[in-house]
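In: Kindly generate the corresponding structure for this input.
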Amino acid sequence: MEMFADRDFYLNVYKGEKISEERLDVRLSEASAVCGGVCFGRLSADSMEKMSAACAEKVRLAVCVQADFIEEKGGLYGLSSDSVGSYKLGDFSYSGGYYSQKRQAEELICPASYAILEQTGLTFRGVAAL
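Out: Model prediction:
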C-alpha cells in the first residue's frame, strides 16, 4: 500500500509524538488509505511527484494529522464503531444504503485532515467549468 507521508516526515517535519515507533508505519499506511479515499483515488506516488511542493506538503501533513487521529481512536475500526450497517427487530430489518455508507466513510476522516486536503483541490466533487 502506498504511503503519502513517511516516518521521516512524521517525526522530523510534522514533529509527531503520539504514535509509537512500532505502530508508526501501520498508522501512516492506514491514514494514507483514508486520505486517498476522500480524494477519490487521485492520490498516487505518480501524482505526488507531479503536484507542486506546497500541495504535496499539505497532503503529507493531512496524512500525519489523520494518522494521529486514527491512533487516538484506537485504530481504524475504532473510528466508526458506533455505526450500524444493518439490524433486525422482529419482522422489521434494515440494511444501510448509500447514505449510511457515505456517513461511515465520512466518520473515517479527521475534520482537520479533511480541511487540509480541501486546500489542495483533491476533494472536489463537482465538474470543472471552462
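
In: report the longest helix in the protein, please.
Out: Taking DSSP state H as the criterion, the chain has its longest helix at helix 53-72.

In: other SSEs contacting that one?
Out: helix 21-38, helix 76-79, helix 111-118 (3 or more C-beta pairs under 8 Å, 6 or more residues apart in numbering; DSSP states H and E). Just so you know, the C-beta spots here come from the backbone N, C-alpha and C atoms, and that holds for glycine as well.

In: Now do the buried residues in it.
Out: For helix 53-72, the neighbour count (16 or more other C-beta atoms under 10 Å) marks 55-71 as buried.

In: Kindly report the same for stretch 35-55.
Out: Buried positions in stretch 35-55, judged by neighbour count with 16+ other C-beta under 10 Å: Cys35, Gly36, Val38, Cys39, Leu43, Ser47, Met51, Cys55.

In: just to revisit the earlier point, list of residues touching the longest helix of the chain?
Out: Here helix 53-72 makes contact (C-beta atoms under 8 Å, 6 or more residues apart in numbering) with 3-5, 9-10, 13-14, 16, 18-19, 23-24, 27-28, 30-32, 34-35, 43, 48, 51, 76, 79, 109-110, 112-114, 116-117, 119-120, 122.

In: can you check stretch 34-42 too?
Out: Residues outside stretch 34-42 that contact it (C-beta under 8 Å, 6+ apart): 2, 4, 43, 59, 62-63, 66, 70, 76, 105, 108-109, 113-114, 117, 120, 122-123, 125.

In: how about 6 Å then?
Out: Stretch 34-42 is contacted by residues Leu43, Ala62, Val63, Gln66, Leu108, Ile109, Leu122, Thr123 when judged by C-beta atoms under 6 Å, 6 or more residues apart in numbering.

In: Turn these into CSV, columns for distance to Ala129 and pLDDT.
Out: Shown next, in CSV, are these (distance: C-beta to C-beta, whole Å; pLDDT from 0 to 100):
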residue, distance to Ala129, pLDDT
Leu43, 24, 93
Ala62, 26, 98
Val63, 30, 98
Gln66, 31, 97
Leu108, 30, 88
Ile109, 27, 93
Leu122, 18, 94
Thr123, 18, 93
